[in-house]
Every structure is written in structure tokens, then in C-alpha cells.
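*Asks:* Need a 3D model of the following:
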Amino acid sequence: MPRLHPDGALIVIIYKKSCMKELKDKLVVITGASSGVGKAMAHEFASYGTKLVLAARKKEALDEVVAECNALGAVTEGIVTDTRVSQEVQLLAKAAFEFGGTIDVWINNAGVLAAGPLDEVPSIINENVIRTNLLGYINGAQEVLPYFKIQRSGILINNISVGGWLPVPYATAYSASKFGLRGFSEALKGELSRYPDIHVVDIYPGFLDTPGIQHAANYTGKVLKPAPPLSDPRKVARAVVKLVRNPKSKKTIGLMSGFLQLSYALFPLLTRNITGMVIRKYLEQANEIDHTSGNVLKPVNFGTGIDGGWRIKKIPREAKIGLVILGGITVGGYLLGRKI
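*Replies:* Numbers count the residues shown, from 1 in each chain. The predicted structure is shown next:
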């Protein structure tokens with residue numbers, strides 16, 4: 001185990017105190033805060049004493065994370081909110097401003113997933129994936145921007161994920177929403193270019209070990225497992241805190257996210273086809289399961305933790321092989337490009 005530099009502990013203490021001073025008086029809004037990376041973000045900000053307004057659809061799960069954040073030293077309020085409904089997001093922004101006297105940071109994070117061949121996923125499911133993942137983020141931005149403009153400052157963070165760069169076969173509505181988010185955010189940055197202290201920050205984490213895939217609508221007829229390697233969602237939460245202190249236009253989080261982005265940029269057709277082949281191969285061998293709408297239409301009664309528990313489970317062989325193939329192609333193509 002590496003030894004800490006003699007001054008390392010002091011540096012950590014100074015950094016923590018500096019963060020607490022900066023973050024303690026900020027008001028941060030997080031949507032989709034009742035599980036997964038949203039909950040990890042809430043815990044991370046709470047450890048710095050930040051004032052928090054947390055939003056999710058399920059009151060019981062929201063009450064749980066509010067209590068946890070208060071125990072960590074934050075002043076926290078939970079607002080039951082369905083981000084698909086613009087009126088509810090408007091009320092969330094109003095309540096946040098009244099609670100904190102300002103809105104310093106708004107994190108668009110609430111998202112859902114639906115898996116299955118496009119023609120076998122009910123249209124209402126696809127529509128609500130788009131409504132949550134894309135229109136929900138637009139609703140959040142639309143309601144917080146008037147506060148930011150009055151303040152002449154603010155940070156809007158969009159959790160887009162690697163799905164904003166990498167198309168996912170058998171999750172077409174999800175891919176549409178994530179690619180749409182990237183375009184939405186870029187256009188919004190152009191609108192706000194005359195406001196130098198209003199920042200729009202896009203984050204692109206890779207695959208995370210969260211309960212998200214357990215919550216997914218599943219019309220494949222097979223048990224779903226996330227693609228490896230999986231990262232700790234707390235890593236994303238720590239990165240977001242750093243971005244609040246030092247905003248950047250976009251941030252890729254994790255080597256895998258950057259690798260997949262590069263792979264698709266260099267070899268879009270090959271990357272897309274290999275991804276589809278790997279998913280099909282996995283589905284051929286996976287255990288059968290009934291179709292489910294998951295949490296797309298309404299919240300579910302399970303999976304309210306930060307972790308999904310997948311990192312301690314066996315990684316599907318097909319996913320390993322697919323990553324090796326993509327890795328070889330990407331590295332080879334990159335090196336060839338440098339020679340050319």
C-alpha cells in the first residue's frame with residue numbers, strides 16, 4: 001500500500017477546509033437523488049455542509065436520503081418531483097430559491113433506461129424515456145435559468161454519460177435522449193455566451209455500479225447485466241464537487257468513458273456493430289425473465305442504494321471479449337493515425 005507523503009495529511013485537511021468554506025453557503029439542487037449517482041452526489045455535497053434541495057419521484061426514498069444528508073452535516077430539503085412535468089419542476093425551483101435565498105448549482109441527473117428491440121418496446125415506454133432523459137433536463141434548465149440570470153451567476157450540470165457519444169443498440173430511445181442532450185447543451189451554451197458567470201457543464205461518466213439497470217424497463221425477455229468495467233458512482237460525485245469549484249464546459253469521467261468515446265469517433269460503424277454483436281451474444285445466453293416497464297412510468301420499491309452490487313459479481317464473458325476487440329481496434333487505429 002502506498003505511503004502518504006509526510007505533508008499529505010495536512011494537504012488533505014487544508015483542501016477539505018477550503019472546499020467546506022466554498023461550498024457551505026451554496027444551494028445545490030439535485031434531481032434523481034434517491035439512488036445511484038444522484039444519492040452519491042447528495043452524500044458528497046452533504047459532507048461539506050452544503051445546503052441541498054433533493055428531488056425524486058418516490059417520497060420514502062427521498063426522505064431516506066434527506067435524513068442521511070442531514071446526519072452528514074447538511075441542511076437538506078426533499079421535494080417530490082417528476083421532472084417530466086414542467087409545472088413540478090417549476091415548483092421545485094421556486095421551493096429551492098425560497099429555501100436557500102439563491103440557487104447556485106442545479107444538477108440534472110434523473111434518468112431512466114429501456115432495453116429491447118425497438119419494435120418490441122411499447123411506444124409509451126420510449127416516449128417516457130425521452131420525456132425523462134431529455135425533456136426533464138430541458139425543464140430543469142428552463143426553470144433555473146431565470147434565477148441564474150437575475151443572479152448573473154450559476155452552474156447547470158448535465159449528467160449525460162458516455163451514452164451521449166456511444167450509441168447503444170437495443171436501447172434506442174435511451175441513445176436518442178442522450179445524443180439529444182449533447183445537442184441541447186451545446187446550443188444552450190451558445191445562448192448563454194454573454195453570461196460569463198453562468199456555466200453549463202456536461203459530464204460523461206462511463207458505466208457505473210448503480211441500481212440503474214435493475215430499475216430499467218426490460219423487453220428483451222432476458223436478465224440484464226451492466227457492461228464492465230464498472231466504476232464507483234462516488235468517483236463521479238467527487239468529480240462534480242471539483243467542477244462546482246472550477247467549472248468546465250465538459251468532463252469525461254473515467255478511462256473507459258474516454259476510450260469508448262474515442263473508439264466511436266475513430267471507427268463509428270465498427271464500434272456500433274461490435275456493440276450490437278456483443279449485446280446479441282449476451283442475450284442469447286442470458287436467463288429468461290418476464291417483460292417489465294421498470295421505473296420508466298412510475299418509481300419502483302427496490303434499489304435505493306448508491307451501489308448496484310455488480311462489481312463483486314461475475315463479468316459476462318461476451319462483454320470482456322467485446323471490450324478487448326474494441327480496445328485493440330481503437331489503439332491500433334490511434335497509433336496508425338499518428339504515423340500517418
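
*Asks:* Only C-alpha atoms from now on, for both contacts and neighbour counts.
*Replies:* Noted.

*Asks:* Helices along the stretch 151-300 of the chain, start to end?
*Replies:* Using DSSP state H, counting those that start in this stretch, the helices found in the stretch 151-300 of the chain span residues 172-191, 212-215, 233-245, 255-266, 268-285.

*Asks:* what about the third one, average pLDDT?
*Replies:* For helix 233-245, mean pLDDT is 98.

*Asks:* just the last one next, same as before
*Replies:* With pLDDT averaged residue by residue, helix 268-285 scores 94.

*Asks:* Kindly report the same for the longest one.
*Replies:* Mean pLDDT, helix 172-191: 98.

*Asks:* that older thread, reformat the helices of the stretch 151-300 of the chain into CSV and put mean neighbour count and distance to Lys51 next to each item.
*Replies:* Below are the helices of the stretch 151-300 of the chain laid out as CSV (neighbours: other CA atoms under 10 Å; distance: least, CA to CA, whole Å):
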stretch, mean neighbour count, distance to Lys51
helix 172-191, 18, 26
helix 212-215, 21, 26
helix 233-245, 19, 13
helix 255-266, 18, 30
helix 268-285, 16, 41
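
*Asks:* list the helices and strands the host helix or strand of Pro146 packs on?
*Replies:* Applying DSSP states H and E as the criterion places Pro146 in helix 136-151. Applying 3 or more CA pairs under 8 Å, 6 or more residues apart in numbering; DSSP states H and E, one finds that helix 136-151 contacts helix 86-100, strand 105-108, strand 154-159.

*Asks:* so which of these comes closest to Gly221?
*Replies:* The minimum distance between Gly221 and the helices and strands packed on helix 136-151 falls on strand 154-159, with 28.7 Å, by CA to CA.

*Asks:* Contacts for that closest one, please.
*Replies:* 103-109, 137, 141, 148, 185, 197-205, 244, 247 (CA atoms under 8 Å, 6 or more residues apart in numbering).

*Asks:* circling back: and Lys58, which of the helices of the stretch 151-300 of the chain is closest to it?
*Replies:* helix 212-215 (13.3 Å).

*Asks:* and the lengthiest strand in the chain, which strands flank it?
*Replies:* Secondary structure assigned by DSSP state E gives strand 198-205 as the longest strand of the chain. Strand 198-205 has the following sheet partners, assigned by DSSP bridges: strand 154-159 (parallel), strand 250-253 (parallel).

*Asks:* Can you redo those as a markdown table, where the extra columns are mean neighbour count?
*Replies:* Shown next, in a markdown table, are these (neighbours: other CA atoms under 10 Å):
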| stretch | mean neighbour count |
| --- | --- |
| strand 154-159 | 25 |
| strand 250-253 | 18 |
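
*Asks:* Now render those strands as CSV, adding mean pLDDT and distance to Phe97.
*Replies:* Below are the strands paired with strand 198-205 laid out as CSV (pLDDT from 0 to 100; distance: least, CA to CA, whole Å):
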stretch, mean pLDDT, distance to Phe97
strand 154-159, 98, 13
strand 250-253, 97, 26
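
*Asks:* Mind putting the ones you listed into a markdown table with distance to Leu230?
*Replies:* Formatted as a markdown table, the strands paired with strand 198-205 follow (distance: least, CA to CA, whole Å):
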| stretch | distance to Leu230 |
| --- | --- |
| strand 154-159 | 17 |
| strand 250-253 | 12 |
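
*Asks:* for these, which one sits closest to Ala115?
*Replies:* Of all those, the one in closest proximity to Ala115, counting by CA to CA, is strand 154-159 (19.8 Å).

*Asks:* Off-centre distance for that closest one?
*Replies:* Averaged C-alpha coordinates place strand 154-159 at 12 Å from its chain's average position (CA atoms, centre = their mean, to the nearest Å).

*Asks:* Right, I'll leave it there.
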